[in-house]
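Chemist: prediction below, plus the sequence it came from.
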Amino acid sequence: MIDVLTLGETMASVASELRAPLETAPRFTLGAAGAESNVAQYLAERGHSAAWAGIVGDDPLGRRLSGELGRCGVDLSFMAVDPAAPTGVMFKDPGAGSTRVHYYRANSAASRMGPEMAEVLPWRRTRFLHLSGITPSLSFSTMALMHALFARAELERVPVSFDVNFRPALWPKGEAAPVLLEFARRAALVFVGLDEAQSLWPGVETAADVRALVGGRGRLVVKDGAVGATEFEGQQSAFVPAAAVEVVEAVGAGDAFAAGYLSAVLDGGGPAGRLGRGHEFAGRALASTSDFQPIAERSECNGR
């Protein structure tokens, strides 16, 4: 069995070693970055069976990314290589109080993913399918893929974990809002930041407002940054505050939270344990410039 199968784009991530701006930084690091593959790496590191499905280019970056994921124990059986399109790249540009991300992913190999991918996944041996709202923003074909994945998951009775993950740099809010809400309403488990929900959907101010909008079909987790996170399930809700963390960079923290939460779900944890492990994993990401921050014992994950 595969505990969690993730699907989405993984890119090469370029960041300055000393958190200097791109314009002046003298040295850079190169690693893997992708919301869904980040989740898979954290889960594999924890000992869960995690797989990542996606497409990379037949180029040095694609081979580097697959090597990094493989070293972390991520199952790459459902990864494909496109000889006619490149692997996407993102650049992190540190600034006062935040990091801007510049994407170079138009016409990437992953943007050519289409609904046919839904037909070759191991549905009968997958416990959870984890997706994000980044994938439908990449192209018309990836939007069709997302609809096909939800439809097939419903048919196969595989619960979908969906991280809203709205990226304004990839598509306009007016276009994204109804699509992301539709997917959230169809998922068995939803992760969303309170700030992004407030930005996307008019009338949303509180975590309870998000619950009312998304509905009660599944479990909902609303993250409120340094304040904490709230889980809604049925008529019950639980809140766990976030631990104090010295933030180095926020990029990737949401993926880490989702992985920690899913890890606790797989281990049979209750609401406090699920939210607590989400905060634990997110804290590691917040204290690092890497999208995936391995623990010391598994530092070979990023070739360190």
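Modeler: Cool, the structure landed. Numbers count the residues shown, from 1 in each chain.
Chemist: give me the mean pLDDT for the strand or helix carrying Ala53.
Modeler: Assessed by DSSP states H and E, Ala53 sits inside strand 50-57. Strand 50-57 carries an average pLDDT of 98.
Chemist: ok, now stretch 175-182?
Modeler: If you average the pLDDT over stretch 175-182, you get 98.
Chemist: any idea where the helices of this protein begin and end?
Modeler: Assigned by DSSP state H, the chain shows helices spanning 35-45, 60-71, 140-156, 173-186, 194-200, 207-214, 253-266, 271-286.
Chemist: follow-up on the earlier one: how distant is the strand holding Ala53 from the center of its chain?
Modeler: 13 Å (Cα atoms, centre = their mean, to the nearest Å).
Chemist: start the count at 40 instead of 1 going forward.
Modeler: Sounds good: first residue 40 from here, last item strand 89-96.
Chemist: which strands and helices sit next to it?
Modeler: In terms of contacts (3 or more Cβ pairs under 8 Å, 6 or more residues apart in numbering; DSSP states H and E), strand 89-96 is packed against strand 41-46, helix 74-84, helix 99-110, strand 118-121. Heads up, the C-betas are built off the backbone N, CA and C, glycines and all.
Chemist: let me know the angle separating it from helix 292-305.
Modeler: Counting by axes from the mean of the first three to the mean of the last three Cα atoms, to 10 degrees, strand 89-96 lies at 140 degrees to helix 292-305.
Chemist: quick one: work out the angle between strand 89-96 and helix 179-195.
Modeler: Computed by the same axes, to 10 degrees, the angle separating strand 89-96 from helix 179-195 equals 160 degrees.
Chemist: how near is Ala282 to Thr63?
Modeler: To Thr63, Ala282 is 34 Å away according to Cβ to Cβ, to the nearest Å.
Chemist: these two - which one has more neighbours?
Modeler: Taking other Cβ atoms under 10 Å, Ala282 and Thr63 do not tie; Ala282 has more neighbours (13 against 7).
Chemist: any idea how far the more buried one is from Arg316?
Modeler: Distance, Ala282 to Arg316, by Cβ to Cβ: 12 Å.
Chemist: now do the buried residues in stretch 313-320.
Modeler: Buried residues in stretch 313-320, counted by 16 or more other Cβ atoms under 10 Å: 313-318, 320.
Chemist: got a list of contacts for it?
Modeler: Outside of stretch 313-320, the residues within contact range by Cβ atoms under 8 Å, 6 or more residues apart in numbering are 81, 260, 262, 267-268, 270, 277-279, 281-282, 295-300, 302-304, 308.
Chemist: returning to what we had before: need the winner for burial among the helices of the chain.
Modeler: Mean neighbour count (mean count of other Cβ atoms under 10 Å) peaks for helix 74-84 among these, with a mean of 28.
Chemist: now do that helix, average pLDDT.
Modeler: Mean predicted confidence for helix 74-84 is 95.
Chemist: wait, Ala64 touches Phe130, no?
Modeler: No - Ala64 lies out of contact with Phe130 (Cβ atoms under 8 Å); the separation is 10.2 Å.
Chemist: returning to what we had before: switch the helices of the chain over to a markdown table; also include distance to Thr165.
Modeler: Shown next, in a markdown table, are the helices of the chain (distance: least, Cβ to Cβ, whole Å):
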| stretch | distance to Thr165 |
| --- | --- |
| helix 74-84 | 13 |
| helix 99-110 | 18 |
| helix 179-195 | 8 |
| helix 212-225 | 17 |
| helix 233-239 | 27 |
| helix 246-253 | 24 |
| helix 292-305 | 13 |
| helix 310-325 | 20 |
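Chemist: noted, bye for now.
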